[in-house]
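1. Structure here, sequence nowhere to be found:
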């Protein structure tokens, strides 16, 4: 279980890192949406490794094929099958790890849970699993734009290790701006520092974490279901389902807990034909439902667990060993996490939008 | 939608703050668990208002009745109906708010979503909705103890405004220790400062937020489903579905993003018949699956939106008004949030445990 | 599990026959539908025992209370809690059955499944469980009428034992016509024979089965989801989930298997602004989707298992015993099944309609 | 929606008849089950067209590929991706039908539902969609045999048009016996008559329907969930979700409605260490739960809608036209329906078995 996400706009992913293919079925995408592989590939390309010296040098083309659900370039309303072949891998790279569970990886817990272990490369817990998410998210995003017009879901790297990106004006943020630097931080000065910091980690055979911030503009009021499926609850679920994530905060988040109610409340003003708020400590969501202000949230991503540095740990029998990763690996996955955050956000929003449309009848 | 939580251990809640009753149906609780109202009432009593000078003075007895699903003090394996009557309320207290949406409340978004508004008191977005969760969570917790023996789910107030509780040894934490002070912080010195701080806010007709930390001990390895239903994803979902929550972090959380991989990795050691880790930056979860170490996470709760201080805002027509809450309200809901956090945690864990038991066949 | 039905219009029922209450939560009913207990009670009254000499003489008033989800006589869009108290029962009536599993009842299978047994009266397998369905179905039906105007869901007793009701013109069928006789067969001559037959069974302390036919008019084209959730699949699921049902057929059903394709195909003609069919062997559904013709299906209901006649059977230890039911019981439940069939049909159709409305975006 | 079936053992299918591939994701299959394509292919081969002169002469090899979820010939516990490529088709065969909705086909209802139409061959409503079901069902069946030992799910053609197969002793039925004749009827004399009848229909460019009976032996007591997910309700759902099915009956079915309760009740006897019944009017299910007797049900399948005979109908604009199918088609799909019935049955039983195993804790 656990490989399906969403209620009305629903994605089910499949695929291990070293099997024949990874992919997804997207069920619930409305009919008559223009859709070809060209709509999906750009986000997959942003996600794939080997884009810059900051990320792993594996060459994985990650070309997606639509197996079903479209005809003549439009969706039929039926399940959209998506598949990306796995290229020939070098499983030998990971050999030692088969007897030694890698610290802070899923090797040990998968083995305990299933009584088996995918032979190499992380199997289902590999970041390669996110290919299905990104492909599905690209479809969700395309539908959201058709449904609501000028919406924008834009994520960026807001910190790497202790280097922080200064506050960004939500209205000026674009993916072009984000992609202007290899680290996907829209502030050039901060980006430069982040890049230097990551290169240090790489040189030291170490790794770095950071945060990704995501801003959604142009959404209507009313998305999110009360009680258990509040919009922020679904977003938190989506973000913490990504590999290596350790935290989520929306609007004022943890810092907001240190404010008084009188400081924190977002009082209303008239904004065109709707009510808006002056401040946005709420992060665009009140009572679990979007209020028309930008949705802003932040995700904590831990430093990559696979490092070249030697680590003293134990094998499955409890014998002390020293582990040194020899495979290619990212010193920092933050830049590649950006399109995954956007994809999961699009999936949450498309699902919420379909649920809200039902309510209108 | 959105009023059901869980897959195998499933709770559906119902009830507005001023309707006849609030409650829940719990479906999926295994048969032959000893269960009476006395197992449920204590957590409801910890949740209810009027427990101390720190919380609202409304007198709501909140006595639960089991409507179905048990016989002779044992569960039948059928749905457990739970109901708590609403006492006579004074809806007049909230009268002004009917035309003026309260800042940072759900009034405006519910109105936009549904095209209507529960007349008073927040309706479904009221904290009274959490009664069903707490009742269901008490059942989940009782079953977890039967299934796994000596497990403990213990939450406490880890900060109020800028007052922080020092780190707590997970092994010494108990509910008795937590309940020793009215603010439910197990460190007496910090608790005293928190209480003073809340009394200041109360005197100033203002409100305060903070954080609740939850620690789960004694759980087996293997809970949590890969990919979308990772244990931390479900916990994040659960926590962000609670009213007034703005953030979630597990293990090292946001602070961990500033560590290097070599610092952050939890290397393995032999612990009895299983592998354990020396450090616990992972927070008890690796690859989305429990690893046998204590599960530790933290929830950010914003300052209560209802304050006695005057606020300049606008009514639904956009006219400027000054709003002053006259109803009774909590200056700080953190102490009452403790049993709700525990309840939602128990629901997530019971559901994960049943899903894992299926895997064993 | 198994106490929830539906995806978007969803009902969860609770309650054993001799517990405090039976009822349901209806989640997903759109907001702003006019709804009070008076909309629900009539179908509950048609379902309840003691309506005529043909049915059991227990006096169960079965008055429903709406616990949540409405205000000022309109739905809020939130879960609608429904409860019917169980009156004081005489559990002693069923005493002997506690050690002797009743033939063709659920006593033995429940005991094997759960390792326990509700002390008397069938517990969750009792027909009393259907109260929640009927209450929920009345809400679904009311919404369908608001959504689609002049729709009609009308079930009737089409056979009792070997007495068959002649074919009925779908256009003339009304609930008034159905209720004109105690047996709920709209053909007076057939009804008279059915009544006589049931009285014979009653006198002989025996019981009789039969069939209920249901006709739905005025529905739009397009209801039903392809592949697994075809409209006829959901209807079959709904009907076979009712106690005592053994079969379902739609349109030509089993008899249609003896026709040639050239006889059975429903060729199209122009009917106003849509295409219609001359014949209706399809029963209003093609490819799992409603085609605008009346939906017609038939349900087989076995003779009631509880009979006054002595039966030679064995107790749980395998000892031979003779069992004679002393409790009050229906010689024929067909008339009371009519509103239950209508309720389950309304739940299927409302759910399908909401799913189809999502597709239109 | 509607492309996913099951709760714990869950299959999601994808694919149109003329797209790149059809297939399925199976989620929830327990880990460590031995599984290769060789376990799946036999039932696909029994399903595929071109097996005998009775079925369509299209040559579709229908070779399945496992894309994920297994390693070294064993399941990992992760989603099993299954794909079957569509060979080069001749869409021109169906050209005329694009403007003329075929009588008793899904052309018209799909067009109305989705506002589009797969260009040829039925798209998602094509029988080719059942490939995913059959592949998934083969996995479910393999797991059931591992879990419960010597179980058997065997379907056969019990009638074609008016030719009926005499009653079969459940204990002697095997797939070998069923496959001994091209029509998959285990009674040689009846089979011969069925074959002659089908050849008549083929010569007359007409088509024939019939019934498939399915018998499940060796299952434990306790499968099936009360109320809405009774075992017979899930089986009925599964069977009516297959293309061309019009009816379902279990045990005594419709004929049983003409018996008295005293005739119909299955009284208990001691059978080894469990209670059994002498008769089996219940069809192996009481109160929605398996009772250990053979599960026996029957499915009505209408005559194929595609016929070579000319049919007077109308096009989408309502103009009268004469339609003559030129594509290759089956005069009788009953023999090919046998493995599909078995597959859907296995999916229902595996899902019920996993749900029951959860209850045992």
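-> Perfect, thanks for sending it. Quantities reported herein were computed from a predicted structural model and do not represent experimental measurements. Numbering: from 1, shown residues only, chains lettered A, B, ... in the order given.

2. which residues touch residue A:108?
-> A:101, A:316, B:221, B:268, B:275, B:286, B:291 (Cβ atoms under 8 Å, 6 or more residues apart in numbering or on different chains). For every residue, glycine as well, the C-beta is placed using N, CA and C.

3. so the fourth one touches residue B:279, yeah?
-> This points to residue B:268. No: if you go by Cβ atoms under 8 Å, residue B:268 and residue B:279 don't touch, sitting 10.7 Å apart.

4. More neighbours: which of the two?
-> Neighbour totals were compared for residue B:268 and residue B:279, and residue B:268 leads with 29 against 15 (other Cβ atoms under 10 Å in any protein chain shown).

5. What's opposite the more buried one in the beta bridge?
-> Counting by DSSP bridges, residue B:268 is bridged to residue B:277.

6. Likewise for residue A:247?
-> Beta bridges link residue A:247 to residue A:300, residue B:249 when assigned by DSSP bridges.

7. Provide a list of residues in contact with it.
-> By Cβ under 8 Å, 6+ apart, the residues touching residue A:247 are A:299-300, B:247-250, B:253-254, B:257.

8. now do 7 Å
-> Listed by Cβ atoms under 7 Å, 6 or more residues apart in numbering or on different chains, the contact set of residue A:247 reads A:300, B:248-249, B:253-254.

9. Between the residues you listed, which sits nearest chain C?
-> The closest of the contacts of residue A:247 to chain C turns out to be residue B:248 (Cβ to the nearest Cβ; 25.2 Å).

10. Wait, that closest one touches residue A:245, no?
-> No: using Cβ atoms under 7 Å, residue B:248 makes no contact with residue A:245, being 10.3 Å away.

11. Neighbour count: the two, which is higher?
-> Using other Cβ under 10 Å, the more surrounded residue of residue B:248 and residue A:245 is residue B:248, with 32 against 29.

12. What pLDDT is listed against the more buried one?
-> On pLDDT, residue B:248 comes in at 98.

13. got it, and the one 4 residues further on?
-> At residue B:252 the predicted local confidence, pLDDT, stands at 98.

14. tell me the secondary structure for the residue nearest to it when sequence neighbours are not counted?
-> Leaving aside its chain neighbours, residue B:252 sits nearest to residue B:281 (4.1 Å; criterion: Cβ to Cβ, 6 or more residues apart in numbering or on different chains). Following DSSP: H, G, I helix; E, B strand; the rest coil, residue B:281 is assigned to coil.

15. what about residue B:281, how many residues close to it?
-> Using other Cβ under 10 Å, residue B:281 has 21 other residues around it.

16. What about the contacts of residue A:108, which are in strands?
-> B:268, B:275, B:286 (DSSP state E).

17. which one of the residues you listed sits closest to residue C:68?
-> residue B:286 (41.1 Å; Cβ to Cβ).

18. Next, the contact list for that closest one, please.
-> By Cβ under 7 Å, 6+ apart, the residues touching residue B:286 are A:104-106, A:108-109.

19. Residue A:146 too?
-> So residue A:146 contacts residue A:33 (Cβ under 7 Å, 6+ apart).

20. and if you look at residue A:105?
-> Neighbours of residue A:105 in contact, by Cβ under 7 Å, 6+ apart: A:305, B:286-287.

21. can you check residue A:161 too?
-> The contact partners of residue A:161, taken as Cβ under 7 Å, 6+ apart, are A:197, A:208-210, B:258.

22. That one and residue A:167, how far apart?
-> Distance of residue A:161 to residue A:167, given as Cβ to Cβ, to the nearest Å: 19 Å.

23. count of neighbours near residue A:294?
-> Neighbour tally, residue A:294, other Cβ under 10 Å: 18.

24. Please report the distance of the closest residue to it other than its chain neighbours from residue C:218.
-> Closest residue in space to residue A:294, ignoring its immediate chain neighbours: residue A:170 at 4.6 Å, by Cβ to Cβ, 6+ apart. Here the criterion is Cβ to Cβ. By it, residue A:170 lies 49 Å from residue C:218.

25. Likewise for residue A:194?
-> From residue A:194 to residue C:218 the distance is 63 Å (Cβ to Cβ).

26. Can you pick out the residue with more neighbours from these two?
-> For residue A:194 versus residue C:218, neighbours defined as other Cβ under 10 Å are more numerous around residue A:194 (30 against 14).

27. Tell me if I am right that the more buried one is in a strand.
-> No: applying three-state DSSP, one finds residue A:194 to be helix, outside a strand.

28. hang on, the earlier thing: now, which of the contacts of residue B:286 sits nearest chain C?
-> Taking Cβ to the nearest Cβ as the measure, chain C lies nearest residue A:109 of the contacts of residue B:286, at 26.7 Å.

29. Now do the phi/psi pair for the closest one.
-> Backbone torsions for residue A:109, taken as degrees, to the nearest 10, come to phi -70, psi -40.

30. Setting aside sequence neighbours, what's the nearest residue to it?
-> Once flanking residues are discounted, residue A:109 sits nearest to residue B:289: 3.7 Å by Cβ to Cβ, 6+ apart.

31. Just give the number of residues close to residue A:276.
-> Neighbour count of residue A:276, defined by other Cβ under 10 Å: 17.

32. related to what we said a few turns ago, the residue nearest to residue A:109 reaches residue B:222, doesn't it?
-> Yes: between residue B:289 and residue B:222 a contact is recorded at 6.1 Å, counting by Cβ under 7 Å.

33. Quick check on the two: which one has the bigger neighbour count.
-> Under the criterion of other Cβ under 10 Å, the comparison of residue B:289 against residue B:222 puts residue B:289 first, with 27 against 24.

34. who's that one bridged to?
-> Under the criterion DSSP bridges, residue B:289 forms beta bridges with residue B:286.

35. measure the residue nearest to residue A:109 to residue B:230 for me?
-> Taken as Cβ to Cβ, the span from residue B:289 to residue B:230 is 7 Å.

36. Could you name every residue contacting both of these two?
-> Taking Cβ under 7 Å, 6+ apart as the criterion, residue B:289 and residue B:230 both touch residue B:224.

37. pLDDT below threshold where in chain A?
-> A:53, A:55-60, A:88-98, A:117-121, A:327-328, A:359-361 (pLDDT under 70).

38. ranges for the helices of it?
-> A:37-47, A:107-114, A:130-148, A:175-179, A:188-203, A:231-240, A:253-256, A:261-264, A:334-359 (DSSP state H).

39. Distance to residue B:46 for those helices - can I get that in TSV?
-> Converted to TSV, these look like this (distance: least, Cβ to Cβ, whole Å):
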stretch	distance to residue B:46
helix A:37-47	45
helix A:107-114	33
helix A:130-148	39
helix A:175-179	46
helix A:188-203	45
helix A:231-240	23
helix A:253-256	25
helix A:261-264	23
helix A:334-359	33
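
40. Please identify the most buried of these.
-> Greatest average neighbour count among these goes to helix A:231-240 (a mean of 30), per mean count of other Cβ atoms under 10 Å in any protein chain shown.
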